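> When you get a sec, could you give me coordinates for this:
(2 chains)
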Amino acid sequence: MLEMFAHGLQLVLTSDVLLAVLIAVPVGLLAGILPGLGGIAALALLLPFIYGMEAMTGLAFLVAVHAVIYTGGSMSAVLLGIPGAPPNAATVADGYSMCRRGYAGVAVGAALTASGVGGLIGFVVLVALLPFVQGVVTLFGSPETFLLSLLGISCIAILGRGAMVKGLIAGGLGIFLAMFGYQRISGVPRFWFDIDYLLDGFRLVPLVLGLFAIPEVLSLSGRRKATRDEAQTGLEWAQIRTGAQEVIKHHWLCLRSALIGVVVGIVPGIGGETAPFVAYAAARQNSVQPDTFGAGAIEGVIAPESSNNAKEGGALVTTLALGIPGSAGMAVLLGGFLLVGLEPGPDFLTEHMDIAIGLAMVLALANVLAVIFMLGMSKWLIRIAWVDGDILAPLLLVLVVAGAYATNNNPVDVLMVFVFGALGWILRELGYNRAALLLGFVLAASIETYLHISLQAYGAWFFLRPVSLIILAIMLLGLCWPLLRRLISQCRASPRP
Amino acid sequence: MSKGELYFLLSVSGAVSAVLCSGVFYFDYSLQILLLPLALGVVICLLCFARISILLANGFTGDLEPATTPASANAYRKHQALRTLSLLSVLPAVMLLGYPLGLTLYVFTYVKLREHSWLTASSCALVCLGLVYVLFMAILKVPLPVKPLGWL
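Sure, this is the predicted structure:
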């Protein structure tokens, strides 16, 4: 195990990886500060840039960006009352209240320090769990991997936003879109309709950009900037220091909130927005002054920010070990793995444990760098949140268009971005889970491959293996849970004879 | 739940069925090729019909907010559609003028048409030019089409 740590450290301490992290941190912070852009849209925009990079460099870049987005988002939440990313919404109530009362620096100092500490706790848990999970995943063969992939899609459908049926339709559509092009097993091109572009099927980068970036850019174009009257930029260093000291004073709160974040992050499909709210509710319940929450309680800033960054460590456990993303952002990260030629899943930990540990170290490093960077630059970085949406939208679209072309130097990719953009916009307006569609698309290849291997090796009853039956039972329970819950509540509500 | 969702579900199930029928009758794929897509297509269509039946059972809500009049809603939709179309004009801009010129002109025109000053529009155009030339062409070495109609 120590050898793996050493290998992981060796992978991280290269000039390419360190440079990628150094660039990723300010990019992620900026993306987090911009309200309306969101973590997933930012990851989607950056996905084309890792194409052609070394595996560790590209993944370190994405992980570092994703790790610090919510640290940047906390700034907009505290100073403007607008969450930079959806998970920062829990910080707005108390953070913005403190800002309006003249304690912006204290709130910022507490938010940044709690984010950094939470991220480090997430890293510790991730590193502690990975060796344990590595032992568990050796029990998984082809049938289990196939069923795990289906479980991942069902989890996101069941636990994500919107009705379960909508999530399953989106997930199924994602798998179906991946059926176009050369079949992995036989090499026969499927559904290509004599169009050369479709021989290789739909590409991941145009799909991701279209689904996640285009709808957000369209929304951004209608957003007016926050006025200077609304923004408090009087950040004093003394206040920031006081805020950091508050985190040390509330160290048990910080630790508990981080652990809540890790646990929520591990459960696939729940998503990033839930963890900070659960941590906030727990902090309020355990507070000696619960009435102060919502009116500027420092605990109301520390709890959500600590859990926000810690959840990424938990989400990486299931993403790396099982190939099931813990959140929609992790679904985009899964796409990044495929772009650099790696396939997360049960085999990943046995073959690339050093990369997994390296990514955990990148998570920790990015969180520490983000805190240092933000403590120094927050006064100036927050000004970017004042930029009009009508100015940001076309510039982001330039990144989308050029980034889409950059992946394969194919102009049809640019056209496909807008085709998928229309689909993404429709899905968002109708409340369908876009992350489920992306996950279906990403996992489709392994679903088909492992289904084929399972049928060849074990026959039609491959799912009767013990571990397969457990996974199948969990999936069926989850799918039937809404019906079961309705039956239980009906039984409770019906009058006794 | 709106009628838009109904049309979307019908479109999805129709498209999936059409693609599968092409696989069976036009491409004449073997069962090994079609097994998973067929199973998936059946599941997707069943889920779509399940969702449609939920929609029909619950009825539809109107597309208008209660407080808006049809005239103001139409004007709002027209304004949104125009803004979306102007944003999406980036595609013909790069196809007709090439990436550096097309994107720069697009950003300048869009920002100016959104009632910002000449200075703001020019600054945005310069930022765009910097992104395209410095980031994509110089650093990332992406061979973006420079000439107009370069995709022909």
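> Which helix in chain B has the most residues?
helix B:31-58 (DSSP state H).
> Helices of chain B, start to end?
Ranges of helices within chain B are B:3-21, B:31-58, B:70-88, B:90-97, B:99-113, B:118-130, based on DSSP H.
> of all these, which gets the most neighbours per residue?
Stretch with highest mean neighbour count among these: helix B:99-113 (a mean of 22; mean count of other CB atoms under 10 Å in any protein chain shown). C-beta: built from backbone N, CA, C; applies to glycine.
> Give me the angle between that one and helix B:118-130.
Orientation check (axes from the mean of the first three to the mean of the last three CA atoms, to 10 degrees): helix B:99-113 against helix B:118-130 gives 160 degrees.
> Show me what helix B:99-113 is packed up against.
Packing contacts for helix B:99-113, counted by 3 or more CB pairs under 8 Å, 6 or more residues apart in numbering or on different chains; DSSP states H and E, involve helix A:389-408, helix B:70-88, helix B:90-97, helix B:118-130.
> Now render those helices as CSV, adding distance to A:Y182 and mean pLDDT.
As requested, the helices and strands packed on helix B:99-113 are exported to CSV (distance: least, CB to CB, whole Å; pLDDT from 0 to 100):
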stretch, distance to A:Y182, mean pLDDT
helix A:389-408, 15, 87
helix B:70-88, 31, 77
helix B:90-97, 28, 90
helix B:118-130, 37, 93
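> Quick one: closest of these to A:I82.
helix A:389-408 (11.9 Å; CB to CB).
> Mind checking what helix or strand follows the closest one in sequence?
Per DSSP states H and E, the first helix or strand lying C-terminal to helix A:389-408 is helix A:411-429.
> just to revisit the earlier point, can you put the helices and strands packed on helix B:99-113 in TSV and add distance to A:T57?
Formatted as TSV, the helices and strands packed on helix B:99-113 follow (distance: least, CB to CB, whole Å):
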stretch	distance to A:T57
helix A:389-408	16
helix B:70-88	33
helix B:90-97	29
helix B:118-130	24
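> Could you pull up the mean pLDDT of the longest helix of chain B?
Averaged across helix B:31-58, the pLDDT comes to 90.
> With stretch A:283-298 instead?
84.
> Return the alpha-carbon coordinates of that stretch using CSV.
These are the backbone C-alpha positions of stretch A:283-298, laid out as CSV (Å, rounded to 0.1, in the frame of the first residue of the first chain):
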residue,chain,number,x,y,z
ALA,A,283,-25.9,22.2,12.5
ARG,A,284,-29.1,24.0,13.3
GLN,A,285,-30.5,21.1,15.2
ASN,A,286,-27.4,20.8,17.3
SER,A,287,-26.9,24.5,17.9
VAL,A,288,-27.4,26.1,21.3
GLN,A,289,-28.9,29.1,19.4
PRO,A,290,-30.9,27.6,16.5
ASP,A,291,-33.0,30.8,16.1
THR,A,292,-29.9,32.7,14.9
PHE,A,293,-29.7,30.5,11.8
GLY,A,294,-30.8,32.4,8.7
ALA,A,295,-30.0,35.7,10.3
GLY,A,296,-26.2,35.6,10.2
ALA,A,297,-25.0,32.6,12.3
ILE,A,298,-21.4,31.7,11.6
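> Spell out which residues of the stretch 1-150 of chain A are next to chain B.
Listed as neighbours of chain B in the stretch 1-150 of chain A under the rule CB under 8 Å from any CB of the partner chain: A:F49.
> What's the nearest residue in the stretch 1-150 of chain A when you look at chain B?
Closest to chain B within the stretch 1-150 of chain A is A:F49: 7.3 Å, counting by CB to the nearest CB.
> got the contact list for that residue?
For A:F49, the contact set (CB atoms under 8 Å, 6 or more residues apart in numbering or on different chains) comprises A:61, A:403, A:406, B:140.
> If any of those are buried, put those into a ChimeraX selection.
Here is the ChimeraX selection string for the buried members of these, based on 16 or more other CB atoms under 10 Å in any protein chain shown:
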select /A:61,403,406 /B:140
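> Tell me which two of the contacts of A:F49 sit farthest apart.
A:F61 and A:A406 (14.8 Å).
> would you list the contacts of A:F49 in JSON lines and tack on distance to A:F176?
JSON lines is the format used below for those (distance: CB to CB, whole Å):
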{"residue": "A:F61", "distance to A:F176": "31"}
{"residue": "A:G403", "distance to A:F176": "26"}
{"residue": "A:A406", "distance to A:F176": "27"}
{"residue": "B:L140", "distance to A:F176": "33"}
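> No further queries at this time; thank you.
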